[in-house]
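S.K.: Give me a 3D structure for the following:
(one chain, ligands or ions: 2)
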Amino acid sequence: MDFMTDRHVQKYTEDGYVVLDGLLTPQECDELRRRMEEIVERMDVPEHCRTTFSTYHDEQLKTQGNADYFITSGDKIRFFFEKGVFDDKGDFIIPRQRSVNKVGHALHAHEPLFKKVTHSPKIQGIAKKLGLVHPVILQSMYIFKQPGIGGEVTPHQDATFLYTEPLGRVMGMWIALEDATVSNGCLWFIPGSHKKSITRRMVRTPKGTFPLTDFVGREQTYDDDKFVAAPVKQGGVVLIHGEVVHRSAENTSEESRHAYTFHIMESQDTHWSPDNWLQPTEELPFPPLYTQ
Ligand SMILES: O=C(O)CCC(=O)C(=O)O
Ligand SMILES: [Fe+2]
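M.R.: Numbering: from 1, shown residues only. Ligands and ions are numbered 1, 2, ... in the order given. Alright, predicted model coming up:
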């Protein structure tokens, strides 16, 4: 039987998301977690995190450093931190393993274990089941949602950041490497919200100007009680339609909530916006999903 059933497809089509259990075994999840632990152990803390800011000018340099670091991260493995984890000398005030908010955006290209999961037969099977002809991988992230300090992700649609014409070509695959529950910050969705369009886009600003990105339009406000929790067991995957509204709460519990998530796009007859922050590069054109 297919890993993704007709019932799952129906649910995805109706709600804009669906949870599939058992994509990975607990051992496979632990292997990915261990690898990430090594990566974080060996990371060089980026320069802009280590600079202290004492003047307005310093602060501006830091903000600029931050923005540069983000916008050039599409084909690299880079580190993004929770707030308040460095002292004013740029040293960690909490253990480094607890400091990282996420790592992105090209684990799928540079890290063999993550690459293998991304191109695994079950993932390819999901894309085939959904009828995707030439899916490509846009980006990947490891999200930590650290115990006690893991910040919230405010309501958004992924197409705000990954815009295509037409819409409806982007999908996230969010893999729980640990149980994701209502108490440690699982995802929440507004079922059916993918049927409306988007109201906000993140775009690159003209070359040589700052900030490097800006928003066009505004995120709507959503009723809290429209959101439905999507808890997932370790090893399960949540398929996220590019236009479905979702969020996650801060993690005030003692349990971390690690996830590996990546986005794919049906590239056939799709125009990838040159205004998106994320652009394919010479080093890393968007790799096809149906390889390896
Ligand atoms: O992991 C989270 O809390 C948010 C992830 C997300 O928004 C996504 O993968 O599109
Ligand atoms: Fe998202």
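S.K.: What residues of the helix or strand hosting E41 count as buried?
M.R.: Assigning secondary structure by DSSP states H and E places E41 in helix 26-42. Counting neighbours by 16 or more other CB atoms under 10 Å, one finds that the buried residues in helix 26-42 are 28-29, 31-33, 35-36, 39-40. For the C-beta atoms, the positions are set from N, CA and C on the backbone; glycine is no exception.
S.K.: Downstream of that helix, the next helix or strand is which one?
M.R.: helix 47-50.
S.K.: Need the CA coordinates for stretch 226-240. PDB is fine.
M.R.: These are the backbone C-alpha positions of stretch 226-240, laid out as PDB (Å, rounded to 0.1, in the frame of the first residue of the first chain):
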ATOM      1  CA  LYS A 226      -9.800  29.000  13.900                       C
ATOM      2  CA  PHE A 227      -6.500  27.200  14.400                       C
ATOM      3  CA  VAL A 228      -6.400  23.400  14.800                       C
ATOM      4  CA  ALA A 229      -3.400  21.700  16.400                       C
ATOM      5  CA  ALA A 230      -1.500  19.200  14.400                       C
ATOM      6  CA  PRO A 231       0.500  17.100  16.900                       C
ATOM      7  CA  VAL A 232       2.800  14.500  15.300                       C
ATOM      8  CA  LYS A 233       4.700  11.600  16.700                       C
ATOM      9  CA  GLN A 234       8.400  11.300  16.200                       C
ATOM     10  CA  GLY A 235       9.000  10.200  12.600                       C
ATOM     11  CA  GLY A 236       5.800  11.600  11.200                       C
ATOM     12  CA  VAL A 237       5.600  14.100   8.500                       C
ATOM     13  CA  VAL A 238       3.200  17.000   8.000                       C
ATOM     14  CA  LEU A 239       2.500  18.100   4.400                       C
ATOM     15  CA  ILE A 240       2.000  21.900   4.300                       C
END
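S.K.: Tell me which other helices or strands the helix holding E41 touches.
M.R.: If you count contacts as 3 or more CB pairs under 8 Å, 6 or more residues apart in numbering; DSSP states H and E, helix 26-42 packs onto strand 100-105, helix 112-118.
S.K.: Need the buried residues of helix 26-42 in CSV (columns: pLDDT and distance to ligand 1).
M.R.: Shown next, in CSV, are the buried residues of helix 26-42 (pLDDT from 0 to 100; distance: CB to the nearest ligand atom, whole Å):
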residue, pLDDT, distance to ligand 1
E28, 98, 19
C29, 98, 15
E31, 98, 20
L32, 98, 15
R33, 98, 15
R35, 98, 19
M36, 98, 14
I39, 98, 18
V40, 98, 17
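S.K.: which residues sit against stretch 43-51?
M.R.: Stretch 43-51 is contacted by residues 58, 61-62, 65-66, 68-69, 78-79, 81, 86, 89-90, 92, 96 when judged by CB atoms under 8 Å, 6 or more residues apart in numbering.
S.K.: May I see the buried residues of that stretch?
M.R.: By neighbour count on 16+ other CB under 10 Å, the buried set for stretch 43-51 is 45-46, 48-49, 51.
S.K.: For the stretch 51-200 of the chain, what lies in contact range of ligand 1?
M.R.: Applying CB under 6 Å from any ligand atom, we find that the stretch 51-200 of the chain lies next to ligand 1 at 143, 145, 153, 158, 172, 174.
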